[in-house]
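> predicted model and sequence below, questions to follow.
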Amino acid sequence: MVSILHLLLGNNHSGNASFSTAQCELLLCLSSQRIDMQMEQAWTPVVGPLEHNIARFVSRGFLEEAPLESKFDAKYRVADLKPMLDGKGIKVKGKKGEMIAALIGALPAEEAAALVADVRLYRPTPAGQHRIESYVAQKEQARADMEAESFALLLKGDVRRAWSRIARYQMAQMFPDPKWARNIPEPLIDETMHLVRFGYDDLPLDAAQRKAVGAHLAMSVLTGESFAEAGQRLMGYT
């Protein structure tokens with residue numbers, strides 16, 4: 001499910017130098033993932049033809065085609081590389097990157113390129129990396145703002161408003177879970193309220209700190225964090 005806001009933003013292909021939120025998300029995705037059919041199916045309804053957006057990123061100096069080494073790394077496993085090296089009479093017992101370098105070095109340039117001709121992979125330029133880092137910083141700040149506001153509401157025992165604040169943040173994401181468009185389930189309210197109201201008297205903390213522990217656990221439940229993530233949240237607090 002794609003939010004209407006992102007659908008509108010993503011289909012804005014004006015000549016402006018700035019990119020929409022959807023296009024910034026796509027740039028982030030393209031900088032770390034190989035392009036496949038699944039990516040095209042997910043992003044085309046949001047931002048339009050993928051090739052159009054890639055061409056725009058490249059022309060603006062934010063994206064460039066990945067080198068052969070990266071394409072080999074994306075396509076082949078170590079188990080694939082070994083017989084290819086053996087076929088060239090090359091014995092390499094190093095890391096995967098060393099195996100790839102040895103194989104590329106042993107092949108004519110055209111043959112090496114042909115082996116990964118089906119791999120569509122890009123990487124950010126320095127300018128693109130700067131743009132990505134700025135965008136990620138904005139995303140992290142939006143997440144921090146949501147957490148701070150929701151946490152303050154949980155400290156007051158206002159579970160419903162905390163859920164609403166979290167849901168508002170989640171629905172603004174590129175591919176939000178439909179559950180965030182619904183009201184908070186009653187069993188979840190009961191579970192969260194129990195965590196907020198529990199005394200945690202066995203913990204060597206003062207009253208305010210114990211209350212904060214309950215709010216952190218409630219936040220983990222509302223945001224759907226795993227046990228490991230909830231543990232990391234508490235470790236970060238303590």
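Perfect, thanks for sending it.
> which residues of the protein fall in strands?
All strands of the chain, identified by DSSP state E, fall at 63-65, 122-124.
> just those: most buried one?
Highest mean neighbour count among the strands of the chain (mean count of other CB atoms under 10 Å): strand 122-124, with a mean of 19. Heads up, the C-betas are built off the backbone N, CA and C, glycines and all.
> from the rest of the structure, what touches that one?
For strand 122-124, contacts defined as CB atoms under 8 Å, 6 or more residues apart in numbering pick out 27, 30-31, 35, 54, 57-58, 62-67, 70, 131-132.
> before we move on, back to that, can you redo the strands of the chain as JSON lines with distance to Gln138 and mean pLDDT?
Output for the strands of the chain, formatted as JSON lines (distance: least, CB to CB, whole Å; pLDDT from 0 to 100):
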{"stretch": "strand 63-65", "distance to Gln138": "19", "mean pLDDT": "96"}
{"stretch": "strand 122-124", "distance to Gln138": "16", "mean pLDDT": "97"}
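> could you export the ones you listed as CSV, including distance to Pro204?
Formatted as CSV, the strands of the chain follow (distance: least, CB to CB, whole Å):
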stretch, distance to Pro204
strand 63-65, 52
strand 122-124, 47
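> out of those strands, the one nearest Glu229 is which?
strand 122-124 (27.9 Å; CB to CB).
> ok, back up a step: most neighbours, which of the contacts of strand 122-124?
Per-residue neighbour counts (other CB atoms under 10 Å) across these peak at Leu30, which has 25 neighbours.
> now it. Nearest residue, chain neighbours left out?
Sequence neighbours aside, Tyr122 is the residue nearest to Leu30 in space, at 5.2 Å (criterion: CB to CB, 6 or more residues apart in numbering).
> sketch out the low-pLDDT regions of this protein for me.
Along the chain, the model assigns pLDDT under 70 to residues 1-17.
> so for the longest helix belonging to the chain, what gets flagged as buried?
The longest helix of the chain (DSSP state H) is helix 126-155. Under the neighbour-count criterion of 16 or more other CB atoms under 10 Å, helix 126-155 has Gly128, Arg131, Ile132, Tyr135, Met146, Glu147, Glu149, Ser150, Phe151, Leu153, Leu154, Leu155 buried.
> how about TSV for these, with distance to Ala117 added?
Formatted as TSV, these follow (distance: CB to CB, whole Å):
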residue	distance to Ala117
Gly128	24
Arg131	29
Ile132	27
Tyr135	31
Met146	44
Glu147	45
Glu149	50
Ser150	49
Phe151	51
Leu153	54
Leu154	53
Leu155	57
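> closest to Ala22 out of these?
Closest to Ala22, out of all of these and judged by CB to CB, is Tyr135, at 11.5 Å.
> residue furthest from the geometric center of this structure?
Distance to the chain centre peaks in the chain at Gly89, reaching 41.0 Å (criterion: CA atoms, centre = their mean).
> next, that residue: phi, psi?
Gly89 adopts backbone torsions of phi 70, psi 30, taken as degrees, to the nearest 10.
> from Leu217, how far off is Lys139?
Applying CB to CB, to the nearest Å, the value for Lys139 to Leu217 is 25 Å.
> repeat for Glu140
22 Å.
> likewise Ala142?
In terms of CB to CB, Ala142 sits 23 Å off from Leu217.
> pull the contacting residues for the closest residue to Met171 other than its chain neighbours.
Spatial nearest neighbour of Met171, chain neighbours left out: Trp180 (5.1 Å); criterion: CB to CB, 6+ apart. Going by CB under 8 Å, 6+ apart, Trp180 touches Ile166, Ala167, Gln170, Met171.
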